[in-house]
Each structure stands twice: as C-alpha cells, then as structure tokens.
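Student: Test case, fold it:
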Amino acid sequence: MTFAQAVTDRTRRLQTRLCVGLDPRLSEYRDLDALRSHTLDVLEATAPFAACVKPQLAFFEALGLPGFTLLEEVCAQARTLGLPVLLDGKRGDIGTTAAAYAQGWLAGAHAGDALTVNPFLGFATLTPFVEAARANAGAVFVLVKTSNPGQDDLQGEGISERVAAEIARLNAQEAGDGYASVGAVVGATHPGDLARFRAAMPRALLLLPGLGAQGARAADLAPAFHSDGTGALASASRAVQYAAGLDVVAGREAARTLRDELNAALAQA
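Tutor: Sure thing, here's the model as predicted:
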C-alpha cells in the first residue's frame, strides 16, 4: 500500500485519526540509554491508538550518531507494529541538494514513508521530493499554514492559498480518485481555516500539528476531514510522550484520550 492508503486503512480499521509525534529530548533523561528505552516504549504503547507515527528529525539529529541509530530502530519498530512513519524534517532546497535530501529521507536506510517539506524556495524545489515519494509509494507533506504564532509573517496575503493550489495541481496528475502522494501541513491551531483548505485540496491528506502543548483542541478539527471521517491526521507530541513526565502508561492513556476526542468531534459533526 502507499502511505496514504496505509494511513486511511488504519483510520477506518482502528478508528483513529491520531498521529503520535516522537520528540526525544535529552534534557528529560538521565542518559542516552534511558532516552532510547523510553522512546521505544512510548512508540509501542501508543501504537494501537495511532494512525501513524511522526519522529521529529531535529531531536534525533541533536543526539549525533546515536540519534540516527535510534531513528532506524524507531522506523523498524514502527513497521513491525504496522505503523506508517512520517518524518518531520521540513526539508527544502534546490537542485541536487533537494534530490539528496529526498533520497536520504524517502529512500535511504533510515528513510520514512513520508516527509514534511518546505516549499518556500519555489515550487520547482518540490519536484525531487514528489518524485521520490511516488517512486517509493510514500508521501510528502508540504507546509501550507503552520501552527506557530508567527506563521503569518510569510504565509499570509494569499501565500498559503497559492501553495494549496500547487498541491491540488500535483495531486491531479495522479491516477485514481483516492488520496494522492502530496499532503499538506495545516496547523490545528487555525480551526477557522480548516474547511477552506480541505475544499481546496480534496485529494491531499492534511497533517494538523498543534494538539496539546500548542493549545489546539480535538473538538475543533472536524472540518479538516471528509464526510467519511478520513483525510486528516491530528498530531500530538509532547502531550503524549511527556504526558506525565516519563510515565509510559500516562502517555498511552493520553493517546487513547486524544483518539477518543477526535472521534467524538467527528461524531458530533
């Protein structure tokens, strides 16, 4: 299955729209061994409530070589658990550099099934990422309207809408009528914009970051989904991995609660 098909299958089969983020922060642990064990334990404990897992590359990169080793372990364990892997790297560059990023993160030894990408160097810079995703049955998630408060500095005045139109154009190139390989990042912190972006990109999976620590609420996210309850992934990281310090059981219950809150929001809608 493609990434989009695998995520949609888990959404329907397990009734979950939750994307569990993994942000292993060394400052939270006594040493690297404790960080590794806790990260893998959280992944396993939350898998039944997740449609996919989203390792944040920055935290793995900050650990140096042990971080890349751990990332490969995370990806391998996720696949054993049947969880699609969405790497949050927000990569973007020109020419051969973009192609190298695409090869490394969508086809390499520690590649994910999907990758977040930055379009603000120009739409042509997306091409190597989209081609790699399509060649490997993966996906890219293009930044459209991010969850941070300062996003409007560069994403306002119609810029987000232009990016959304390009995503819709790229997806129209793919055969079929299901979800295509180019998704979109639209912050869960912008609930008033979700219906508009859902309509603008009908074949794009939407990644909705911002649940938990950034203040977004599951109850506000129903407009991001199609009427059958598919089409979006709501992401929570700190609110799950560090729900109560390093308590893995608390992280599992936080994931369960967020899954249930998302389902309740859709049921009410």
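
Student: which residues in the stretch 101-250 of the chain form helices?
Tutor: According to DSSP state H, counting those that start in this stretch, the stretch 101-250 of the chain carries its helices in the segments 127-135, 152-155, 159-172, 194-200, 238-241, 248-268.

Student: can you redo the ones you listed as JSON lines with distance to residue 20, mean pLDDT and mean neighbour count?
Tutor: From N, CA and C alone the C-beta is placed, and that goes for glycine too. JSON lines is the format used below for the helices of the stretch 101-250 of the chain (distance: least, CB to CB, whole Å; pLDDT from 0 to 100; neighbours: other CB atoms under 10 Å):
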{"stretch": "helix 127-135", "distance to residue 20": "21", "mean pLDDT": "97", "mean neighbour count": "21"}
{"stretch": "helix 152-155", "distance to residue 20": "26", "mean pLDDT": "84", "mean neighbour count": "14"}
{"stretch": "helix 159-172", "distance to residue 20": "24", "mean pLDDT": "97", "mean neighbour count": "18"}
{"stretch": "helix 194-200", "distance to residue 20": "21", "mean pLDDT": "98", "mean neighbour count": "17"}
{"stretch": "helix 238-241", "distance to residue 20": "5", "mean pLDDT": "96", "mean neighbour count": "22"}
{"stretch": "helix 248-268", "distance to residue 20": "6", "mean pLDDT": "98", "mean neighbour count": "18"}
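
Student: Same list as before, those that is, but in TSV and with distance to residue 208 included.
Tutor: Output for the helices of the stretch 101-250 of the chain, formatted as TSV (distance: least, CB to CB, whole Å):
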stretch	distance to residue 208
helix 127-135	20
helix 152-155	15
helix 159-172	14
helix 194-200	8
helix 238-241	13
helix 248-268	10
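
Student: in this protein, which helix or strand is least confident?
Tutor: Within the chain, no helix or strand scores below helix 152-155, which has a mean of 84 by mean pLDDT, DSSP states H and E.

Student: so how far is it off the chain centroid?
Tutor: Mean-position distance between helix 152-155 and its chain equals 21 Å (CA atoms, centre = their mean, to the nearest Å).

Student: likewise stretch 145-163?
Tutor: Here the centre of stretch 145-163 is set off from its chain's centre by 18 Å, with CA atoms, centre = their mean.

Student: So for that stretch, first residue to last residue, what's the gap.
Tutor: Criterion CA to CA, to the nearest Å; first-to-last residue distance in stretch 145-163 is 9 Å.

Student: Strands of the protein, start to end?
Tutor: 18-22, 52-55, 86-91, 114-117, 139-145, 182-186, 206-209, 232-236 (DSSP state E).

Student: tally of neighbours for the nearest residue to residue 51 once chain neighbours are set aside?
Tutor: The shortest distance from residue 51 to any non-neighbouring residue, by CB to CB, 6 or more residues apart in numbering, is to residue 10 (4.6 Å). Neighbours of residue 10 under the rule other CB atoms under 10 Å: 21.

Student: ok, residue 10 touching residue 16?
Tutor: Yes: using CB atoms under 8 Å, residue 10 is in contact with residue 16, at 6.4 Å.

Student: Need the overlap of contacts for these two.
Tutor: 50, 51 (CB atoms under 8 Å, 6 or more residues apart in numbering).

Student: how close does residue 99 get to residue 224?
Tutor: Distance of residue 99 to residue 224, given as CB to CB, to the nearest Å: 31 Å.

Student: Give me the more crowded residue out of the two.
Tutor: Shown here are residue 99 and residue 224; by other CB under 10 Å, residue 224 has more neighbours (27 against 16).

Student: So which bits of stretch 109-124 are buried?
Tutor: Within stretch 109-124, the residues that count as buried by 16 or more other CB atoms under 10 Å are 110, 111, 112, 113, 114, 115, 116, 117, 118, 119.
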